[in-house]
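> Generate coordinates for the sequence data below:
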Amino acid sequence: MAKYQQPINRAAIIQMCTTLIPLVAGIVLMAFAMKVSYWLVLLLAIPTGGLLIRTFIMMHDCGHGSFFRSRRWNDVVGFITGVLTFTPYVQWRREHAIHHATSGNLDKRGYGDVTTLTVKEYLAQSKFDRFKYRLYRNPVVLLVIGPIWMFLLRARIPTSGPMMTPKEKLNVHATNLTLVAIVILLAALGALDEAAAIYLPAFLVAGAAGVWLFYVQHQFEEAYWRPAGQWDYATSALQGSTYLKLPKVLQWFSGNIGLHHVHHLSPRIPNYRLQECHDEHPEFQDVPTIGFWQGMKTLGLKLFDEDRQRMISFRDLRNR
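Next up is the predicted model:
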């Protein structure tokens, strides 16, 4: 896979142009739509939100050092796209790297993943703790409240712990100060209310779709979860990450992240080379593959059944 791990600067620049220019155009169109109907603004928030997802994927690749050949340019573009998506780039980069190193490991949950309990862990909890878990796994909480909490609130505060570095703290504060400066500038121009009415709906669309994309890639029925002693990185990548086959337009908006099995096996492959790598290797044809509607059904899966080695719903648990 080494040859696919080489970033192509020209492809990265083209992707920036085909993402950020339409994103600006979408915001401008939404501003004009404010004079016509707010329903039109909300309609335009859908493709604009899709472009924000694509913007986040560029930041994601910069975090892996795979978007540009230059680390400096990865960090510069990563910071800018992090501001656009309310994400402190350096802190997110570390947490996401831990996710890649521990995905599917039952003994190392809690870094960059959707909280998942086993059946035994759930049954051992108090009624109140079960209620909290059920509430957390509710699709409305995951897809609507979750993005607001993660990106608008939690991301504003440096995470605690021994792995937090001064550079990460500085990046969180720099991201916050940049966002504050933008808010002050918009307020001075008398455009803050209009900007919020335009950008926040697009952000909510991007947040809900982005969380769903991340969720479905690790929370399908035959998801791979193993104790540390039985866990294997390559198996986790190929059997614990889905190939989410989306319509081409949705694959474009999502920056090819549906090819998640390839990405987890080799995070250094830029998103614009994932399809090429997948198509040229027959090993990638025998991986968990799901479509859009199958992905929607995975929202009903809540617990990992260690005995059956699969994700199950609360209804499945009651029936047992």
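
> pLDDT wise, what is residue 165 at?
With respect to pLDDT, residue 165 scores 88.

> Can you name the residues that contact it?
Applying C-beta atoms under 8 Å, 6 or more residues apart in numbering to residue 165 gives the contacts residue 94. Any C-beta I mention is one placed from the backbone N, CA and C, and that applies to glycine too.

> Tell me which stretches of the stretch 51-200 of the chain form strands.
In the stretch 51-200 of the chain, the strands defined using DSSP state E, counting those that start in this stretch lie at 117-118.

> In contact with residue 277, which residues?
Here residue 277 is in contact with 1, 4, 259, 262, 266, 269, 284 (criterion: C-beta under 8 Å, 6+ apart).

> now swap in residue 240 and tell me
Going by C-beta under 8 Å, 6+ apart, the list of residues near residue 240 reads 103-104, 218, 223-225, 264.

> quick one: which of those residues has the most company?
residue 103 (25 neighbours; other C-beta atoms under 10 Å).

> thought it was touching residue 265?
No - Residue 103 is beyond contact range of residue 265, at 11.1 Å (criterion: C-beta atoms under 8 Å).

> who touches both of the two?
residue 237.

> about what we covered before: closest to residue 233 among the contacts of residue 277?
For those, the closest approach to residue 233 (C-beta to C-beta) belongs to residue 266, at 10.9 Å.

> So what's the residue count around residue 82?
Residue 82, neighbours per other C-beta under 10 Å, totals 27.

> got a list of what it touches?
59, 88-89, 92, 175 are the contacts of residue 82 under C-beta under 8 Å, 6+ apart.

> Could you find which two of the contacts of residue 277 are furthest from each other?
1 and 259, at 12.6 Å, using C-beta to C-beta across these.

> Among these two, which residue is more densely surrounded?
Per other C-beta under 10 Å, whichever of residue 1 and residue 259 has more neighbours is residue 259, with 29 against 13.

> can you pull out the helices in the stretch 51-200 of the chain?
When assigned using DSSP state H, counting those that start in this stretch, the helices of the stretch 51-200 of the chain occupy the ranges 71-84, 89-102, 119-123, 127-136, 139-140, 146-147, 166-188, 192-216.

> Fine by me, we can end here.
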